[in-house]
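> Sequence and predicted model, in that order:
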Amino acid sequence: MNIISNLIEAHIFREQNGQLEFLLLKRSPEQYYPNLWQMVSGKIKENETAFNAALREIKEETSLIPEKFWVAPTVNSFYAPDKDYICLLPVFAAKVKYDCEVKISKEHTEYKWLSAEEAKNLLAWDGQRKSVDVIVDYVLNRNSFLNFIEINL
C-alpha cells in the first residue's frame with residue numbers, strides 16, 4: 001500500500017455580521033461521486049504546489065478570486081481500495097467578498113451558500129465536516145491555538 005498526496009480540498013466562505021457562509025457545489029451526474037455536495041476539490045498537477053492547485057481549482061470551479069487565503073491546520077484522508085492507497089489532502093480556506101458572483105464549471109450543476117451547520121449536514125465525509133469546524137473556530141473565535149498560515153495573494 002502507498003500513501004499519496006495528489007489532491008486538494010478548498011473551503012470557500014464569506015462573512016457578514018459575524019456569520020460565516022460556506023459555498024458548496026453539487027457534482028454533476030457525469031462526475032465521480034455524482035450529485036454529491038462538496039467544497040472545491042481537485043488534482044495537483046505535475047510541478048504545481050498544493051496551494052497553487054487550490055487557487056487554480058477555485059477559479060476553474062467557481063470563477064472566484066479569494067481576498068484572503070490560508071492553509072488550514074488539518075489534513076484530510078481517504079483510502080482507495082481499487083488502487084490500495086491512502087490519499088492525504090491538504091486543506092485550504094478561502095475568504096471571498098460577500099457579494100461575489102459564483103459561476104460554476106461543468107463539473108457541477110448547482111451551488112449553495114450555507115451556514116456551517118447546514119454545510120456539515122450536506123458534506124459526505126467526517127474530515128470535511130471537521131475542516132468546517134476548524135475554519136469557523138479560527139475565523140470567528142480567533143482561536144490562537146490554531147496555526148493558520150496565510151498565503152499572500
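Ah, there it is.

> going forward, measure contacts and count neighbours with C-alpha atoms only.
Will do.

> Just checking: what are the partner strands of the top strand by length along the chain?
Longest strand of the chain, by residue count under DSSP state E: strand 68-80. Using DSSP bridges, the strands paired with strand 68-80 are strand 85-95 (antiparallel), strand 149-150 (antiparallel).

> what is the mean pLDDT for it?
Across strand 68-80, pLDDT averages out at 94.

> what comes up buried for that strand?
Applying a neighbour-count criterion of 16 or more other C-alpha atoms under 10 Å, the buried positions in strand 68-80 are 69-77.

> can you list contacts of it?
51, 85-96, 127-128, 131, 134-135, 146-153 (C-alpha atoms under 8 Å, 6 or more residues apart in numbering).

> Of all the strands paired with strand 68-80, which one is nearest Thr62?
strand 85-95 (12.0 Å; C-alpha to C-alpha).

> quick one, longest helix in the chain?
helix 126-141 (DSSP state H).

> From the contact counts, what lies against that one?
strand 68-80, helix 116-122 (3 or more C-alpha pairs under 8 Å, 6 or more residues apart in numbering; DSSP states H and E).

> That helix to strand 68-80, inter-axis angle?
Using axes from the mean of the first three to the mean of the last three C-alpha atoms, to 10 degrees, the direction of helix 126-141 lies 160 degrees away from that of strand 68-80.

> Return the distance of helix 126-141 from the chain's centre.
11 Å (C-alpha atoms, centre = their mean, to the nearest Å).

> Averaged pLDDT, it. What do you get?
93.

> Can you give me the buried ones in that helix?
The neighbour-count check on helix 126-141 (16+ other C-alpha under 10 Å) flags 127-129, 131-132, 134-136, 138 as buried.
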